[in-house]
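Peer 1: Sequence unavailable; structure follows:
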């Protein structure tokens, strides 16, 4: 899984940095600024509190010409979550910035915030194309235009998270669009998904097998083959007739299984003590396995309330007494 993350408004507090520069450049501080800083209602918020478009352009000119401006931005709470995610997931920072040595400023800020120097950094306004080229599986941004770009231009990006702000709530619904209240919420979802979904090197995905019964691991084909050989040989009765392979499923009383089980356990024990490996010990172990299986079968059937035969290919006319008499 490859994760792409926007920087400003997601990990770095661009709004506060821009507001500080706005006050510095214009010499005015709006009394409404604290409310804007906590939750900007619209993307282009300065006109709401008395600043003109010319004021905004002066700030952008200040940013373009001020060395180190981006390095002074304060971190947002999501940074800690991204640091944790990066320990197990490839991360790319995809950001749109302007100014002198912009990649250097960005990398120095990331390093100071605890992300490694080798973190992939892409500076571009074309977030959709970048997500597609980087092969991102997941992307998060707060800018509605960026989110729409990724949805439209990066079809392989299966989850596009939008960090919830009033200015991006107009985004139309999309099966891949996931709105979250924080970066931590995104990381929590990804970690939960990683536990429930497997992603193969080909890109194919399947649900996790973590809590599924692992027959391939629990059973050994060599043992099952030897047991089947033993069972097949035991199908033949003294009179030459051959019973169905599932005849035992017609029903054999548990006491019959128990008596036969203990007899064969004694045989296994004796052969083990004598160090006599070979077909005789293998047969005795198969007999233990058969009687154990049969006892468990009857126990489970009784627990499930079944009283009738469950074998599909049982010999017609077979009776419990006959089956009990021929217990292996």
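Peer 2: Nice, I can see it. Since the structure is predicted, the reported quantities are computational estimates derived from the model, not experimental observations. Numbering: from 1, shown residues only.

Peer 1: looking at it, residue 17 is touching residue 71, isn't it?
Peer 2: No: contact criterion C-beta atoms under 8 Å: residue 17 and residue 71 do not qualify, at 10.2 Å. For the C-beta atoms, the positions are set from N, CA and C on the backbone; glycine is no exception.

Peer 1: shared neighbours of these two, anything?
Peer 2: Overlap of the contact sets of residue 17 and residue 71 (by C-beta atoms under 8 Å, 6 or more residues apart in numbering) is empty.

Peer 1: Among the two, which residue is more densely surrounded?
Peer 2: More neighbours surround residue 17 than the other of residue 17 and residue 71, with 18 against 15 (other C-beta atoms under 10 Å).

Peer 1: Setting the sequence-adjacent residues aside, check what's closest to that one.
Peer 2: Leaving out its chain neighbours, the residue that sits closest to residue 17 by C-beta to C-beta, 6 or more residues apart in numbering is residue 73, at 4.7 Å.

Peer 1: State the phi and psi torsions of the one you found.
Peer 2: Torsion angles at residue 73 (phi, psi; degrees, to the nearest 10) stand at phi -70, psi 140.

Peer 1: Repeat that for the one 3 residues further on.
Peer 2: For residue 76, the backbone dihedrals are phi -100, psi 160 (criterion: degrees, to the nearest 10).

Peer 1: Please report the distance of it from residue 155.
Peer 2: 29 Å (C-beta to C-beta, to the nearest Å).

Peer 1: between the two, which one's more packed in?
Peer 2: Between residue 76 and residue 155, residue 76 has the larger neighbour count (other C-beta under 10 Å), namely 21 against 12.

Peer 1: Please list all residues in contact with that one.
Peer 2: Applying C-beta under 8 Å, 6+ apart, we find residue 76 in contact with 9-13, 183.

Peer 1: now do residue 181
Peer 2: Residues near residue 181 by C-beta under 8 Å, 6+ apart: 163-164.

Peer 1: And for the one 3 residues further on?
Peer 2: If a contact means C-beta under 8 Å, 6+ apart, then residue 184 has 77-78, 80-81 as its contacts.

Peer 1: And residue 45, by the same measure?
Peer 2: 15, 36.

Peer 1: Check residue 282 too.
Peer 2: Shown in contact with residue 282 (C-beta under 8 Å, 6+ apart): 226, 230.

Peer 1: any idea how far it lies from residue 113?
Peer 2: 65 Å.

Peer 1: Counting neighbours, what do you get for the nearest residue to residue 135 once chain neighbours are set aside?
Peer 2: The shortest distance from residue 135 to any non-neighbouring residue, by C-beta to C-beta, 6+ apart, is to residue 2 (5.8 Å). By the measure other C-beta under 10 Å, the count of residues near residue 2 is 17.

Peer 1: Tell me, how many residues neighbour residue 218?
Peer 2: 7.

Peer 1: ok, now residue 143?
Peer 2: Neighbour count of residue 143, defined by other C-beta under 10 Å: 20.
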